[in-house]
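Enquirer: Make a model of this:
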Amino acid sequence: MYGEIAKGEEAEMTVAELISRKKDAFGDEYLVIRESNGQCARVYRENLEDYLRQKGITELRQGEEFQYSIRNRRNS
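Expert: Here you go, the predicted model:
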């Protein structure tokens with residue numbers, strides 16, 4: 001039963017956000033994608049189509065990175 005619920009949730013998700021494009025130490029390009037449930041994933045360019053198909057994502061929109069401020073514990 002648990003597996004069926006997870007499959008149903010994945011089937012509902014159709015839109016994700018492209019947060020950024022980066023390169024790793026070997027020069028391979030990867031994308032950081034945020035799914036509609038807020039979870040982020042690192043997907044290499046050559047695996048993008050398989051990832052989108054597996055997750056049921058039909059649209060990939062341009063998104064923005066969240067900026068978090070880091071507070072210094074000694075000064076707070």
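Enquirer: Give the next helix or strand downstream of the strand of greatest length in the chain.
Expert: Looking across the chain with DSSP state E, the single longest strand is strand 15-23. Scanning forward in sequence from strand 15-23 by DSSP states H and E, the next helix or strand is strand 29-34.
Enquirer: Show me what the helix or strand following that following strand is packed against.
Expert: Scanning forward in sequence from strand 29-34 by DSSP H and E, the next helix or strand is strand 40-44. Strand 40-44 sits against strand 29-34, with contacts defined as 3 or more Cβ pairs under 8 Å, 6 or more residues apart in numbering; DSSP states H and E. (Each C-beta comes from the backbone N, C-alpha and C, glycine too.)
Enquirer: what does the strand it packs on rub up against?
Expert: 16-24, 40-45, 48, 51, 60, 63, 65 (Cβ atoms under 8 Å, 6 or more residues apart in numbering).
Enquirer: Tell me which residues of that strand come out buried.
Expert: 30, 31, 32, 33, 34 (16 or more other Cβ atoms under 10 Å).
Enquirer: closest to residue 55 among those?
Expert: residue 33 (9.0 Å; Cβ to Cβ).
Enquirer: and residue 48, what does it touch?
Expert: Contacts here follow Cβ under 8 Å, 6+ apart; on that basis residue 48 touches residue 31.
Enquirer: so after the host helix or strand of it, what's the next helix or strand?
Expert: Using DSSP H and E, residue 48 sits within helix 48-55. Note on helix 48-55: by DSSP H and E, the next helix or strand toward the C-terminus is strand 59-62.
Enquirer: okay, the helix holding residue 48 in CSV with CA atoms only?
Expert: The C-alpha coordinates for helix 48-55 follow below in CSV (Å, rounded to 0.1, in the frame of the first residue of the first chain):
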residue,chain,number,x,y,z
LEU,A,48,17.9,14.9,-17.8
GLU,A,49,15.3,13.3,-20.1
ASP,A,50,15.3,10.0,-18.2
TYR,A,51,14.9,11.9,-14.9
LEU,A,52,12.0,14.0,-16.2
ARG,A,53,10.3,10.9,-17.6
GLN,A,54,10.8,8.9,-14.3
LYS,A,55,9.4,11.7,-12.2
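Enquirer: I am finished for the moment; much appreciated.
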